[in-house]
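Colleague: What would the 3D arrangement of this be:
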Amino acid sequence: MIAEDEKNGGGQLGRPSGARFRTYERLKSYVQEMKETLFVSEELLKAIDEIYRYPLRQSAIDTLNRQLRSGINNQQLAELVVALRIDDRLCIVTEELDKREPQIICSLGLFCNS
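Modeller: Numbering: from 1, shown residues only. The predicted structure is shown next:
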């Protein structure tokens with residue numbers, strides 16, 4: 001049960017005025033509106049998941065803030081996020097966090113191999 005909670009814990013999106021929060025919320029609502037259309041690709045869904053689970057790169061924050069201020073529409077935002085993800089410029093993905101298994105520690109504070 002702990003391993004399942006760890007896996008589904010998710011990330012912190014930050015302040016509601018932040019680029020990560022605003023991008024995630026807009027794309028999430030965009031996907032809900034465009035369900036079962038060609039505009040919702042597997043790449044877009046993966047990008048939204050990465051935004052939720054991992055911190056954004058500083059260059060992505062700057063780009064997203066600039067575009068959000070300029071009034072980018074949801075489809076263009078989705079295309080931008082997918083392009084950033086494909087170029088590996090969206091999130092700082094740390095694989096060791098994904099594969100991290102909970103460890104059993106005995107009452108003496110020693111790691112137990114199980």
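Colleague: How about residues contacting stretch 50-65?
Modeller: Counting by Cβ atoms under 8 Å, 6 or more residues apart in numbering, stretch 50-65 makes contact with 10-11, 13, 19-20, 22-24, 27, 80-81, 84-85, 89-94, all of which sit outside it. For glycine as for every other residue, the C-beta is placed from the backbone atoms N, C-alpha and C.
Colleague: and the residues you listed, which are buried?
Modeller: The neighbour-count criterion (16 or more other Cβ atoms under 10 Å) marks 11, 19-20, 22-24, 27, 80-81, 84-85, 90-91 among those as buried.
Colleague: At the geometric centre of this structure, which residue do we find?
Modeller: Centroid-nearest residue in the chain: residue 51, 1.8 Å away (criterion: Cα atoms, centre = their mean).
Colleague: secondary structure element for that one?
Modeller: According to DSSP states H and E, residue 51 maps onto helix 42-53.
Colleague: for the chain, which helix is longest?
Modeller: If you go by DSSP state H, the chain has its longest helix at helix 19-33.
Colleague: avg pLDDT for it?
Modeller: Per-residue pLDDT over helix 19-33 has a mean of 94.
Colleague: helices and strands around it, which ones?
Modeller: For helix 19-33, the elements it packs on are helix 42-53, helix 58-70, helix 74-86, judged by 3 or more Cβ pairs under 8 Å, 6 or more residues apart in numbering; DSSP states H and E.
Colleague: export these to JSON lines and tack on distance to residue 31 and mean pLDDT?
Modeller: Listed next are these as JSON lines, based on distance: least, Cβ to Cβ, whole Å; pLDDT from 0 to 100:
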{"stretch": "helix 42-53", "distance to residue 31": "7", "mean pLDDT": "93"}
{"stretch": "helix 58-70", "distance to residue 31": "17", "mean pLDDT": "96"}
{"stretch": "helix 74-86", "distance to residue 31": "8", "mean pLDDT": "96"}
